[in-house]
Every structure is written in C-alpha cells, then in structure tokens.
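Peer 1: okay, predicted coordinates and the sequence, questions at the end:
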Amino acid sequence: MGRPDFNPVRDVISGIIMAATSVPQLVAYAETTGYASWRGLATAGPSLFAWGLSTGSPFMSCGVTSITALMAKTDLDGDSYVAEKGEAEYARLVASYSLYVGLASILLGLVGFGKLAQSVPKNVRS
C-alpha cells in the first residue's frame, strides 16, 4: 500500500465528508464535557483544519474522542465547577486538563508503554 495519487476533486470531496462528520462530533463532545456546543467548534475546529492542511496524510483521521470528553466531565466535576466559577473558567480548566492528558500520552509512548498492546490477545485487539 503506497501513497495514493493526488486527486484534487477526490481530496476536496473527502474533506467535505470529514467536516460533515466532524462538526456533529465536536458539538456533541463539547456538550458531553459540560460546556456550550460552539466551544467544540471554536477550539478543535481550527486546529484540526490546520493539521489537515499541514500534514497531507491520507491515512489518518484525527479528532476529539468520547473517552476524553467523559474523563474531563467526570474528573473535573464539570457541572459543579461551572456553577461555581462559570463556563469560561471551566473551558480554561478543560484546556489545561487536555494538555496534561496529551503530555502524559507522549511520555507513555516514549517509555514504550504501547508495547503492552502486543501482549493483549489478538481476539481482544480486533
């Protein structure tokens, strides 16, 4: 499987399809996390768009995951935090939380934590 041929029409159609499926996800995950739906578009949308333009990788789809949204809501006690300090402050807290989760993921990858996946039985991985 080599690099596919560049086809502007196919690439634009693929981009439109990815955007059409990503927008509802960004809105839903923002609401799952506990803040206004527009924040999902405002925070993740531009960075995902920039990533798509800068990498040009045809093999990767990147975006927010439900587990991250649920972890943030549960770990940070979103409802009471918003009630006490406001949504803008909660958005800053979630941003910091996400940064630390990302840094921890990089650190675990650097120390070889991903090798544990090889010990998981093949039936479970698929």
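Peer 2: Yep, that arrived. Being a predicted model, the structure only gives us computed values, none of them experimental.
Peer 1: now the one helix or strand Leu48 maps to - C-alpha only, CSV.
Peer 2: Using DSSP states H and E, the element containing Leu48 is helix 37-55. Extracted as CSV, the C-alpha positions of helix 37-55 are listed here (Å, rounded to 0.1, in the frame of the first residue of the first chain):
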residue,chain,number,x,y,z
SER,A,37,-21.6,23.4,21.9
TRP,A,38,-20.0,26.3,20.0
ARG,A,39,-16.9,25.8,22.1
GLY,A,40,-16.3,22.5,20.5
LEU,A,41,-16.1,24.1,17.1
ALA,A,42,-14.1,27.1,18.3
THR,A,43,-11.4,25.1,20.0
ALA,A,44,-11.0,21.9,18.0
GLY,A,45,-12.2,23.0,14.5
PRO,A,46,-9.3,25.4,13.6
SER,A,47,-6.6,23.1,14.9
LEU,A,48,-7.9,20.1,13.0
PHE,A,49,-8.2,22.2,9.8
ALA,A,50,-4.6,23.4,10.2
TRP,A,51,-3.4,19.9,10.8
GLY,A,52,-5.2,18.7,7.7
LEU,A,53,-3.6,21.4,5.6
SER,A,54,-0.1,21.0,7.0
THR,A,55,0.3,17.2,7.0
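Peer 1: state the distance from Met69 to Gln25.
Peer 2: Heads up, residue 69 is Ala, not Met. 10 Å (C-beta to C-beta, to the nearest Å). C-betas here are computed from N, CA, C, even on glycine.
Peer 1: of the two, who's got more company?
Peer 2: Ala69 (22 against 16; other C-beta atoms under 10 Å).
Peer 1: so that one sits against Leu26, correct?
Peer 2: No: counting by C-beta atoms under 8 Å, Ala69 does not reach Leu26; the two are 10.2 Å apart.
Peer 1: ok, back up a step: from the chain's centre, how far out does the helix holding Leu48 sit?
Peer 2: For helix 37-55, the distance between its averaged C-alpha position and the chain's averaged C-alpha position is 10 Å (C-alpha atoms, centre = their mean, to the nearest Å).
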